[in-house]
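>>> Sharing a sequence plus its predicted fold:
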Amino acid sequence: MIDPAPTGTCAPRSVVVVGAGLAGARTASRLRDLGFTGRVTVVGDEPIAPYDRPPLSKHLLDRPQPTWLADDLDIRLSELADDVLLGTQAVGLEAVADGQGPAYRVGLRDADGTRRTLETDAVVVACGSRPVRPQGWEDALVLHTADDADRLRARLAEVTAAGGRGHVVCVGAGWIGAELAGVLTDAGIAVTVVEAASAPLAAALGEHAGRLTLPWYEDHPGLRLVTGASVVAVRRDGVDLGDGTTIEADVVVAAVGARPATAWLGGTLAGLVDLGPRGAVVVDEEHRPIDATGLPVAGLEGVRVVGDAALRRSPRHGWVAGGHWDAALTGPETAVRSLLGLVDGPAPDPAPYVFSTQLGHELSMFGVPSPQDDVVVRGGDERPGGAGGWTALWFAPDDGRPGRVLTAALAVDRPRDVAAARRLFAGAELPRLDPVVAADPDSRLR
């Protein structure tokens, strides 16, 4: 058991976790699992218990109730935390000196507008992200929270109640947009996906690999894909494109990404916390906020940042954004061990991992591709992206040594390649493979 620290030491006696999503709930769970007996307070801006976000899109129509973390992962905040403050927003964080080591004050705003503060020895920022909705797109729905899912289902129900099949315009062909398009078309709802890039998933995969998914859209009943299109106006009943085209719709959904919900840190910690270009807090391998020199920020020794809010320094992958389920699941382990002084040796450096179901295909991605990488594809039939499954492999530029460094792998409908990629990226260094051998679908990835 790790007891609260005695007076005069810097170990935490109390921890405030800002965020009640997966990253926040996992933080509370790991604190107790690793023996912390001090006071734990969890603050969440949504008024309901923690739930899993991936089912919001994957099971939009067949699972109207949230997938509670208490049921899915056996994480019960009421049993882990001394106080669970739901429907409460964090509005500020400042370091204060209490003469007994670092201490912090967290500003809160309750649902009724009442403001108050909590004082604590340590803070874990796990505040997640917010969907991007550009100015003027107020009539577009988003899909990020359980409330968002309820609103989308209600709008779709209005359409079908009026006797129509329904037509949805989804702006954005990223992870969420493609998942949503598949779920809706499988239910008989026509969908038009509008994407600014030349291919789906271009932001995540690059346009070369993204184009491998184009046949999925061409072959999927009820689905139309418009690429290279800029949206200049969004209305409740459709969108206007930059080329003068108007696409009418019963429902418009904006699926153009999310940004870390860190604006509340900018005022009180201005000049201390380094917010990356997308608003994430830049952290080291132990999830400690770092400055422009790469060193932990003085005065924030008791602060850790996990999940969507963090941009993590990785010895293997460079800078790794949160933004996906696996980061929220694994990051709190390292952050809590660091906070409690339980780090023994270098911090773990897990490979970024993303999984998705898109238009009938199972996707698993490991690593971080770079625009400079060469893409090699193994598997598939004579039609790129066609049936039979395929795996895209990203290789760093040739450095003159045997083999090429594998920076990322995306397996589509190839479970054996998923298992192989998981093993390859579990090593201390990025794997080296012969691209010619790796491209052979009959060879093993190793």
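Thanks, I have it.
>>> Where does the prediction get shaky in the stretch 1-150 of the chain?
Per-residue confidence of the stretch 1-150 of the chain (counting by pLDDT under 70) places the weak regions at 1-10, 98-102.
>>> for R422, helix, strand, or coil?
helix (DSSP: H, G, I helix; E, B strand; the rest coil).
>>> Surely it and F366 touch.
Yes - with contacts counted by CB atoms under 8 Å, R422 reaches F366, the gap being 6.8 Å. Yep, even glycine has a C-beta here, placed from its N, CA and C like the rest.
>>> give me the number of residues near the nearest residue in space to G238 that is not next to it in sequence?
Spatial nearest neighbour of G238, chain neighbours left out: E248 (4.2 Å); criterion: CB to CB, 6 or more residues apart in numbering. Residue crowding around E248 was assessed by other CB atoms under 10 Å; the count is 12.
>>> any idea how far E248 lies from T88?
The spacing between E248 and T88, counted by CB to CB, to the nearest Å, is 41 Å.
>>> Quick check: phi and psi on the nearest residue to I189 once chain neighbours are set aside?
Of all residues not flanking I189 in the chain, G166 sits nearest, at 4.5 Å (CB to CB, 6+ apart). Recorded main-chain torsions at G166 are phi 100, psi 140, according to degrees, to the nearest 10.
>>> Same question for R378.
Backbone dihedrals for R378, given as degrees, to the nearest 10, come out at phi -120, psi 140.
>>> count of neighbours near P332?
As a burial measure, P332 scores 28 neighbours (other CB under 10 Å).
>>> Look up how far A351 lies from R313.
Plainly put, R313 is 14 Å away from A351 if you go by CB to CB.
>>> for the record, mean pLDDT for stretch 237-252?
Over the span of stretch 237-252, the pLDDT mean works out to 97.
>>> if we can go back for a sec, and the gap between the residue nearest to G238 and R316?
E248 sits 48 Å away from R316, going by CB to CB.
>>> Show residues contacting stretch 137-155.
For stretch 137-155, the surrounding residues in contact (CB atoms under 8 Å, 6 or more residues apart in numbering) are 46, 48, 51, 53, 56-57, 60-61, 64, 66, 129-131, 133, 171, 176, 180, 234-236, 250-255, 258.
>>> State the mean pLDDT of stretch 154-174.
Per-residue pLDDT values across stretch 154-174 average out to 91.
>>> buried set for it?
Applying a neighbour-count criterion of 16 or more other CB atoms under 10 Å, one finds 155-156, 159, 166-174 buried in stretch 154-174.
>>> Can you name the two of those residues that sit furthest apart?
V159 and G174 (24.1 Å; CB to CB).
>>> From start to finish, how long is stretch 201-219 in a straight line?
The first and final residues of stretch 201-219 sit 17 Å from each other (CA to CA, to the nearest Å).
>>> in that stretch, what counts as buried?
Within stretch 201-219, the residues scored as buried using 16+ other CB under 10 Å are 201-206, 208-217.
>>> Residue ranges in the stretch 201-350 of the chain under the pLDDT threshold?
For the stretch 201-350 of the chain, the stretches with pLDDT under 70 are 270-271.
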